[in-house]
Structures are given as C-alpha cells and as structure tokens.
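Colleague: give me a model of this one.
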Amino acid sequence: MAAREILIYPKNKTTLRAISKPARVFNRQTRDLIADLKETLLAHQEGIGLAAPQIGVLSRVVVVRLGGRNDWDQEADPPIGLVNPKIIASSDERKDFDGCLSFPGLFGETRRPHYLRVRSLDESGKPFERVFTDFDAVLVHHEIDHLEGVLFIDRIQSLGDLYRVIIDGNGRPVQVPVSEIVPLIRVTDMAD
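Modeller: Residues are numbered from 1 along each chain as shown. Coordinates of the predicted model:
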C-alpha cells in the first residue's frame with residue numbers, strides 16, 4: 001500500500017470541512033484504512049497525527065503518535081489507531097502548540113484541553129476507554145476535531161497566534177509570526 005497524499009486546504013476544503021461518518025462495522029476495510037493512515041503518517045515525519053478526512057476518506061478513524069510534540073522534539077511512539085473516538089470528559093483547557101499536515105509549515109497557539117477521556121475502538125475493534133493528558137490530549141483533540149470538520153485555524157484567536165518555525169544558526173527552532181512574513185494587504189490595494 002502506498003502512502004496517500006494529504007489534502008491541503010483550501011484546495012480540498014469540502015472534504016476537510018465535512019463531518020465524518022462512524023465506521024459501522026469493523027472489517028478489513030477499516031483495518032486497511034488504519035494501515036493506510038499509519039503508512040501515510042510515517043511517510044510525513046513532521047507529523048504526529050492524521051485523520052481519515054486528511055486522505056480523502058470521511059470515516060471516523062484517526063492515528064496518533066503519542067509522546068511527541070513535533071519533529072524537533074523527542075521521538076514519538078509508533079502510531080496507534082482510534083476508531084469512532086468520542087470525548088467523554090475534558091478539562092484543563094489552555095494554550096499550546098498546534099500545527100497540521102494539511103497546512104504545511106504553518107503553526108499556531110490554540111486553546112485545547114490537556115485532559116481528555118476518550119471512548120473508542122482499538123485496532124482490533126475492541127472497545128476501550130483511555131485518558132490522555134498534556135500534549136497527548138492536545139494531539140488527540142486535534143485529530144478528533146478533523147472528524148467534525150474543524151481545523152486548527154478555527155481555534156486561532158488572533159493573527160498573532162499564527163507563525164512559521166525556522167531553524168536558527170544554532171540549530172534551534174524559532175517562531176516567526178506570520179504577520180512578519182506576509183505583509184498585510186489593505187482592502188483598497190485589492191480593488192486595483
């Protein structure tokens with residue numbers, strides 16, 4: 001199975017904005033989708049999570065690599081699949097790092113819960129309940145948002161919260177606000 005192309009917004013915004021349907025039965029198609037998501041995620045080393053809508057499939061399936069934050073932090077765990085995940089409790093909402101493979105190179109500070117209790121099916125189709133904390137909760141929440149057609153840019157509170165990351169001369173990541181990269185265009189300039 002070849003890794004799939006990840007949908008980039010706004011080219012495929014209808015798919016990224018659609019609400020995904022639950023996986024009604026756990027069958028070979030579901031297992032193949034999980035395998036495809038894992039392969040696609042691992043082919044994009046900068047990512048730690050992927051939802052089925054990002055590869056054009058409107059099914060409530062996500063894969064996540066827990067234990068990491070981004071490609072310049074520690075190595076994340078191997079991907080695990082969540083089928084029909086449902087948040088049953090959340091708390092400790094605060095700002096944290098956010099990014100998305102559908103918006104390559106764009107990052108932001110969003111408000112998300114840092115405690116999640118999720119009910120889901122595992123990769124074998126068995127129901128389970130699990131608590132995710134800290135950045136793992138942010139990651140799982142981000143991927144579940146994809147299943148509802150919600151993108152991380154929807155959670156940005158101001159343009160100042162959006163940025164690109166560059167590596168400085170010492171090999172350290174540095175945040176550069178989008179407003180410093182892209183000059184603001186006045187409405188009168190657009191009318192010409």
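
Colleague: so what touches stretch 160-180?
Modeller: Residues from elsewhere that reach stretch 160-180 (C-beta atoms under 8 Å, 6 or more residues apart in numbering): 72, 95, 105-110, 153, 156, 159, 181. (Glycine included, C-beta is placed from N, CA and C.)

Colleague: out of those, which end up buried?
Modeller: Those of the contacts of stretch 160-180 that meet the buried threshold are 106-110, 153, 156, by 16 or more other C-beta atoms under 10 Å.

Colleague: what packs against the longest helix along the chain?
Modeller: In the chain, assigned by DSSP state H, the helix with the most residues is helix 28-43. Judged by 3 or more C-beta pairs under 8 Å, 6 or more residues apart in numbering; DSSP states H and E, helix 28-43 is in contact with strand 49-51, strand 61-64, strand 80-99.

Colleague: can you show me the helices along this protein?
Modeller: Counting by DSSP H, the helices of the chain are 13-17, 28-43, 134-147, 178-181, 187-191.

Colleague: any chance of those in CSV, plus distance to Ile87?
Modeller: CSV is the format used below for the helices of the chain (distance: least, C-beta to C-beta, whole Å):
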stretch, distance to Ile87
helix 13-17, 20
helix 28-43, 19
helix 134-147, 6
helix 178-181, 29
helix 187-191, 40
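
Colleague: right, so of those helices, which gets closest to Gln54?
Modeller: Closest approach to Gln54 among the helices of the chain is made by helix 134-147 (6.4 Å; C-beta to C-beta).

Colleague: list the buried residues for that closest one?
Modeller: Those would be 135-147, for helix 134-147 by 16+ other C-beta under 10 Å.

Colleague: from the residues you listed, pick the one nearest Gly67.
Modeller: For the buried residues of helix 134-147, the nearest to Gly67 is Asp136 (7.1 Å; C-beta to C-beta).

Colleague: show me what contacts the closest one?
Modeller: Contacts for Asp136 (C-beta under 8 Å, 6+ apart) come out as 64, 66-67.

Colleague: repeat the analysis, applying 7 Å as the threshold.
Modeller: When contacts are counted by C-beta atoms under 7 Å, 6 or more residues apart in numbering, Asp136 touches Leu66.

Colleague: ok, now Ala52?
Modeller: 20, 33, 37, 58-59, 61-62.

Colleague: restricted to buried residues, select the residues you listed in PyMOL.
Modeller: Selection of buried members from those for PyMOL, criterion 16+ other C-beta under 10 Å:
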select buried, resi 20+33+37+59+61+62
